[in-house]
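**Q** sharing a model that was predicted from the sequence below.
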Amino acid sequence: MATTVPSIACLGVIGRNNNPLHTSVFPSYDPTTNSFRPVRTPLQFSLIISSTLDVFELRSRHNTAAGTGLTGDFGLLHAIDDRLAAYGFETNTGTRFVAIVDMRGRRLDPAAAAAMADKRLAGAAAGLREGEMRPVFKAMQVAYIRLLQNPFFEPDEHSPPAGQGGAKITSRKFGQDVRRIGENWAPGVAVL
């Protein structure tokens with residue numbers, strides 16, 4: 001049997017008015033067919049990302065009641081099943097980033113698995129440690145800031161008042177940055 005480690009199955013960006021701005025789906029390892037394919041459909045991932053909004057709201061309310069008023073790394077939002085888990089981050093402007101991790105998403109060949117036996121990644125199959133997702137969210141925030149710095153990007157078009165929909169992010173550069181982040185992340189990676 002092949003050794004597997006966690007990989008990113010989906011990355012999503014949610015606007016400050018709870019409108020979906022961007023979703024990228026990544027293939028995961030399927031041991032039954034020995035191939036790579038997405039674990040869920042894009043619609044299912046959209047629903048999973050939408051379900052994290054309640055957790056963001058509850059934790060934001062709790063932080064406000066506690067007097068901390070913190071935004072930032074929300075950590076594990078919820079475990080979807082025995083394979084998928086959703087992690088979250090909120091910027092100070094209210095934009096939220098969600099990373100859905102497939103705990104068995106990347107296959108390692110036997111040589112790589114043997115080389116990792118004595119390294120930090122060897123225990124990654126059991127789960128993720130605190131802070132493993134920080135490089136993902138930091139890189140997503142940098143990509144989002146670059147998008148906002150584009151003089152042709154109009155943020156108000158993407159975050160209209162509540163209930164009025166909103167346009168999705170169609171920037172090719174932003175999409176490429178998110179794709180690079182999702183494809184290059186692995187437990188133990190410090191910089192993306």
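**A** Looks like it came in fine. Predicted, not measured: the structure shown is a model, and the values here were computed from it.
**Q** mind checking the longest helix of the chain?
**A** helix 42-65 (DSSP state H).
**Q** for the helix or strand following it, output the C-alpha coordinates as PDB.
**A** Sequence order places strand 72-79 as the next helix or strand after helix 42-65, per DSSP states H and E. In PDB, the C-alpha atoms belonging to strand 72-79 read as follows (Å, rounded to 0.1, in the frame of the first residue of the first chain):
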ATOM      1  CA  GLY A  72      -6.600  35.900  11.900                       C
ATOM      2  CA  ASP A  73      -6.000  32.200  12.100                       C
ATOM      3  CA  PHE A  74      -9.100  30.400  13.100                       C
ATOM      4  CA  GLY A  75      -7.400  27.000  12.900                       C
ATOM      5  CA  LEU A  76      -9.600  23.900  12.400                       C
ATOM      6  CA  LEU A  77     -13.100  25.000  11.600                       C
ATOM      7  CA  HIS A  78     -14.600  21.500  11.400                       C
ATOM      8  CA  ALA A  79     -13.900  18.000  10.300                       C
END
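**Q** list the buried residues for strand 72-79?
**A** 73, 74, 77 (16 or more other CB atoms under 10 Å). For the C-beta atoms, the positions are set from N, CA and C on the backbone; glycine is no exception.
**Q** tell me the contacts of residue 46?
**A** 12, 20, 23 (CB atoms under 8 Å, 6 or more residues apart in numbering).
**Q** of those, keep whichever come out buried.
**A** 12, 20, 23.
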